[in-house]
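> prediction below, plus the sequence it came from.
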Amino acid sequence: MRHFLIAVAAFSLSLFSCTSIPPASVRVPTLPEARVKEIESLLDSGSFLQALQEISFLRGEPSLDPAVDADLLETRALASLESAFSTSVKEKKYSDSIRLFQSARAYGKPELVSGWTEKSLLREQALMLDSSGEKLLSLLARLRAITTESTQEELAETLSYAQAVGHLNAARTIADEMKKRGFSVPSKLLPGDAKVDFQNILKGSITIWVNRGIRMEKGVGYPDRVIGSGFFIDPRGYLLTNYHVIKSEVDPTYEGYSRLFIRLSSETGDRIPAKVIGYDAAFDIALIKAEMTPEYVFSGLSTDPIIPGDRIFAIGSPAGLEKTITSGIVSATGRRFLQMGDAFQVDVPLNPGSSGGPLLNEKGEVIGIVFAGLEQFEGINFAIPYSWIEKVLPQLYAGGKADHPWLGMALMETETGLEVIYTMPDAPADKGGIRIGDIIEGIDGKQFTKLKDAQDALLDIDVAPSLVRISFSRDGAKREGIFCLSERPENPVETALKKDSLESVIYPLFGMKLERIGSFLWKTEYMVSRVARGSVADESGISENDPLTIQDWVVDKEKGIAVLQIYVKKSKQGFLESVIQIGAYLETDSFI
C-alpha cells in the first residue's frame with residue numbers, strides 16, 4: 001500500500017513569495033504573445049509544420065492580440081513549406097515530397113505544390129524504387145497511386161508490373177477492379193486460377209530460432225530458445241514474422257545473449273543466420289532477412305472481404321514441427337486486441353511456435369499473420385489482417401523501429417460519434433485545442449464514426465511530421481483545425497502516466513471519468529461522472545455517481561497490466577461499501 005502525504009509549509013511560502021513577483025517594470029506576456037514567441041522559435045529551428053499548427057490555433061483564439069501579425073508568421077512558414085517540397089522533389093526524396101504535398105493540401109494551400117499530384121509523386125517514387133531493385137515497394141507505390149480516376153491504360157500497366165514481379169495476387173486484384181469498371185483485360189494479362197499447390201507453398205515457410213543461451217533456474221541451466229514461424233515475401237530473402245518472436249534481438253532493455261537463425265527443413269536441420277531489418281511493436285510484426293534465395297515467395301493484397309465462416313489455412317512450426325498445415329474457419333472479425341487496427345479470430349489449431357506464420361485463404365493468398373492465442377482458452381487464436389501490414393511494409397524495409405502518426409488523444413465510440421475522452425499534455429491534439437467531450441468527425445475530408453476507421457485514416461498519411469485537417473464538434477457547434485502529427489509513443493498509456501495525473505489516465509484506461517469531491521488526510525474522494533459502455537469499469541459494476549477513493553495503484557510493465565484497488569459505494573447496490581480490484585492492459589486500443 002502506497003500512501004502519499006503532502007505537507008504545505010505556509011511560512012516558507014510566505015517567506016519566498018516576494019521573489020516570484022516580477023518588478024513593476026516587467027510586463028508578463030499574455031498567452032497569445034507567448035504562443036507567438038513559440039512560433040518564432042519553431043520557425044527559427046526549421047519546424048515550419050509545427051508552426052503552422054500553432055498559427056491555426058492562434059487564429060481561432062478569441063483573445064488574439066490585434067498587434068500579433070499572424071499573416072506575417074504564416075507567410076514565412078508557408079514559404080518554408082514550399083521550399084522544402086521543391087528541394088525534396090529535386091533530390092528525389094519522394095517520401096518527404098508526398099508528406100509535404102499532403103500537408104500543403106491539408107492546410108488549404110495546394111498552390112504551393114502546383115504541377116504535382118499525389119498520384120504523380122507516387123509514380124515517380126515507384127520508378128525510383130524499381131530502378132534500385134525494390135520491386136515489392138515499387139508495386140505498393142503503384143497500387144497506392146490507383147484512384148477512381150485511374151485510366152484503363154494505367155491499370156493495365158500496373159497489372160503487367162504485378163505479373164512481372166511475380167505478385168499474382170495483386171494482378172488478380174487489379175484485373176477484378178478493371179472488370180468492375182467495365183474495362184477489358186488483355187488476355188495475356190489475365191491471371192490464371194491455378195489450383196493451390198501446398199507442396200510448393202510450403203517451400204516459402206520457415207522456422208525461426210532465437211537462441212538466448214542458458215537460463216538458470218534454482219541452480220540448473222536450461223536452453224533458452226524462442227521458436228516461431230515466418231514466410232518469405234521477397235525473392236531477395238526478406239521474410240515476415242511476429243515482433244514478439246524476435247524481440248530480444250532489438251529490445252534495448254534486454255541484456256542477455258541473443259542470436260537469430262532460420263531453419264528451412266527438419267530433414268537437413270541447417271540453420272541460416274538472419275538479421276532483423278525493421279520491426280513494429282504496435283502491430284507485432286517484424287521484417288527479417290537471410291542471405292538466400294527462397295524457392296517460393298508469398299503474396300497478399302487480396303481485396304476479397306473476410307467474413308466469419310470463410311475457410312482458411314495456417315502454416316507454421318507448432319512446438320518446432322516445421323511445415324505444419326492446419327485448417328479451420330474465420331470465427332470473427334474486428335477483434336480489438338492491438339493498439340491500432342483489429343484482428344481476425346480463427347479456430348485454426350495453433351500452438352507455441354506457430355506465431356508469425358501465414359494465414360491463407362482458399363486461393364493461397366496471405367490474408368493475415370498468426371500472432372497470438374489465449375493460453376487459458378483452448379482453440380481461441382488470432383491473426384493480424386494483411387491489410388494493416390501492407391501499410392507499414394515501406395517503413396519495415398526502411399529499417400529500424402516503425403513510426404506511426406500520433407495525435408495524442410483517446411476516443412470512445414458513442415451514439416453521437418467518436419468522443420474524446422483524453423488528451424495527452426503537449427501532444428498535437430492538446431496543443432491544437434482539442435478538449436475532452438469533443439466529437440471527432442473526420443480527418444482530411446474522410447468522415448467516420450468508428451475508431452478503427454480513424455486509425456486507418458492516420459496510417460494512410462506518410463510519416464510525421466505532417467499536417468492534417470480535423471473536423472470536430474463541440475457542444476453541437478462545428479469546428480475545424482490544423483494539427484501537426486508527431487511520432488506515436490511505443491506505449492501511449494505508459495507515456496501518459498509519466499506526463500499526467502493518475503486520475504486523468506484512469507478514464508482511457510479503465511473507462512470511468514472521476515471528479516474530485518473532497519479529501520481526507522492523504523485520501524482524495526472522487527465521484528464517478530461517466531462510465532464508458534463495455535469498459536473495465538462498466539463490467540465491474542461501477543456506475544455514474546458512485547463515490548470512491550483509490551486505495552492502491554500498481555503498474556506491472558513486464559506483464560503489461562495496470563491494477564487499481566478502490567473503495568467504492570455502488571449506487572446500484574444501495575451504496576453498499578466494498579473494496580474491489582480491477583485490472584486493465586496497458587496496450588489499450590483507444591489512442592490515435
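Received, thanks.
> what comes up buried for stretch 395-413?
Neighbour counts using 16 or more other CB atoms under 10 Å place 395-397, 402-413 of stretch 395-413 among the buried residues. Quick note: C-beta positions are derived from backbone N, CA and C, even for glycine.
> what about the helices in the stretch 251-400 of the chain?
Shown for the stretch 251-400 of the chain, the helices assigned by DSSP state H, counting those that start in this stretch span residues 386-398.
> can you pull out the strands in it?
Listed in chain order, the strands of the stretch 251-400 of the chain (DSSP state E, counting those that start in this stretch) span 259-263, 271-280, 285-290, 311-316, 324-335, 343-346, 358-360, 366-373, 381-385, 400-401.
> distance to Lys119 added to these, as TSV?
Formatted as TSV, the strands of the stretch 251-400 of the chain follow (distance: least, CB to CB, whole Å):
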stretch	distance to Lys119
strand 259-263	38
strand 271-280	26
strand 285-290	27
strand 311-316	34
strand 324-335	31
strand 343-346	31
strand 358-360	31
strand 366-373	27
strand 381-385	26
strand 400-401	29
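> and among those strands, the most buried is which?
Among the strands of the stretch 251-400 of the chain, the stretch with the highest mean neighbour count (mean count of other CB atoms under 10 Å) is strand 358-360, at a mean of 28.
> pull up the pairing partners for it, direction included.
Note on strand 358-360: by DSSP bridges, its sheet partners are strand 311-316 (antiparallel), strand 366-373 (antiparallel).
> any chance of those in a markdown table, plus distance to Arg123?
Putting the strands paired with strand 358-360 into a markdown table (distance: least, CB to CB, whole Å) gives the following:
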| stretch | distance to Arg123 |
| --- | --- |
| strand 311-316 | 35 |
| strand 366-373 | 26 |
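> and those strands, which one is worst for confidence?
For the strands paired with strand 358-360, mean pLDDT drops lowest on strand 366-373, to a mean of 83.
> so it versus strand 324-335, what angle?
Counting by axes from the mean of the first three to the mean of the last three CA atoms, to 10 degrees, strand 366-373 lies at 90 degrees to strand 324-335.
> how about residues contacting strand 366-373?
With CB atoms under 8 Å, 6 or more residues apart in numbering as the test, strand 366-373 has contacts from 169, 229, 231, 240-242, 244, 284-285, 298-300, 302, 306, 312, 314, 316, 337, 343-344, 346, 348, 350-351, 354-361, 380-386, 389.
> now the spatially most central residue of the chain: phi and psi?
The C-alpha lying nearest the average C-alpha coordinate of the chain belongs to Met340 (CA atoms, centre = their mean; 4.6 Å). Dihedral pair for Met340: phi -130, psi 150, per degrees, to the nearest 10.
> and the closest residue to Met409 other than its chain neighbours, how close does it get to Arg105?
Counting by CB to CB, 6 or more residues apart in numbering, Ala429 is the residue found nearest to Met409 once chain neighbours are left out, at 4.0 Å. To Arg105, Ala429 is 21 Å away according to CB to CB, to the nearest Å.
> more neighbours: these two, which one.
Shown here are Ala429 and Arg105; by other CB atoms under 10 Å, Ala429 has more neighbours (24 against 19).
> pretty sure that one contacts Trp406?
No. Judged on CB atoms under 8 Å, Ala429 makes no contact with Trp406 at a distance of 9.1 Å.
> out of the strands paired with strand 358-360, which comes closest to Lys135?
strand 366-373 (17.0 Å; CB to CB).
> okay, angle between the closest one and strand 381-385 too, please.
Using the same axes, to 10 degrees: strand 366-373 against strand 381-385 is 140 degrees.
> and the angle for strand 366-373 with helix 386-398?
Using the same axes, to 10 degrees, the inter-axis angle of strand 366-373 relative to helix 386-398 is 90 degrees.
> for Ser258, which non-adjacent residue is closest in space?
Ser248 (4.1 Å).
> what is the three-state secondary structure of that neighbour?
Applying DSSP: H, G, I helix; E, B strand; the rest coil to Ser248 yields a three-state assignment of helix.
> the biggest strand by length in the chain: which residues count as buried?
For the chain, the strand with the greatest residue count under DSSP state E is strand 220-234. Neighbour counts over strand 220-234 (16+ other CB under 10 Å) mark Asp224, Val226, Ile227, Gly228, Ser229, Gly230, Phe231, Phe232, Ile233, Asp234 as buried.
> show me the beta-bridge partners of the fourth one.
Gly228 forms beta bridges with Ile208, as assigned by DSSP bridges.
> shouldn't it be in contact with Gly320?
No. In this structure Gly228 lies outside contact range of Gly320 using CB under 8 Å: 9.8 Å.
> pick the one among the buried residues of strand 220-234 closest to Ile174.
Ile233 (18.4 Å).
> which residues does the closest one contact?
By CB under 8 Å, 6+ apart, the neighbours of Ile233 are Leu136, Leu239, Leu240, Val297, Phe298, Ser299, Gly300.
> show me the contacts for the fourth one.
Taking CB under 8 Å, 6+ apart as the contact definition, Val297 lies against Gly166, Gly204, Phe232, Ile233, Asp234, Pro235.
> please report phi then psi for it.
Residue torsions, per degrees, to the nearest 10, at Val297 are phi -120, psi 130.
> find the nearest non-adjacent residue to it, please.
Phe232 (5.0 Å).
> who wins for proximity to Gly46 among the strands paired with strand 358-360?
Of all the strands paired with strand 358-360, strand 366-373 sits nearest to Gly46, with 38.6 Å by CB to CB.
> what angle separates the closest one from strand 285-290?
Going by the same axes, to 10 degrees, strand 366-373 makes 110 degrees with strand 285-290.
> can you give the distance of strand 366-373 from its chain's centre?
Distance of strand 366-373 from the chain centroid (CA atoms, centre = their mean, to the nearest Å) equals 17 Å.
> swap in stretch 455-475?
Here stretch 455-475 is found 13 Å from its chain centre; the criterion is CA atoms, centre = their mean.
> just the buried positions in it, please.
Buried positions in stretch 455-475, judged by neighbour count with 16+ other CB under 10 Å: 455-459, 461-473.
> from those, which land in strands?
Per DSSP E, strands hold the following members of those: Ser466, Leu467, Val468, Arg469, Ile470, Ser471, Phe472, Ser473.
> nearest to Leu43, out of the residues you listed: which one, please.
Looking across those and measuring by CB to CB, the closest to Leu43 is Leu467, at 14.9 Å.
> okay, buried residues for the helix ranked longest in the chain please.
Ranked by residue count under DSSP state H, the longest helix found in the chain is helix 70-90. By neighbour count on 16+ other CB under 10 Å, the buried set for helix 70-90 is Ala70, Leu73, Glu74, Ala77, Leu78, Ser80, Leu81, Glu82, Ala84, Phe85, Ser88, Val89.
> what do you get for stretch 530-540?
For stretch 530-540, by 16+ other CB under 10 Å, it's Arg530, Val531, Ala532, Ser535, Val536, Ala537, Ser540.
> follow-up on the earlier one: show me what whatever helix or strand comes next after the longest strand of the chain is packed up against.
Counting by DSSP states H and E, the next helix or strand C-terminal to strand 220-234 is strand 238-241. For strand 238-241, the elements it packs on are strand 220-234, strand 285-290, judged by 3 or more CB pairs under 8 Å, 6 or more residues apart in numbering; DSSP states H and E.
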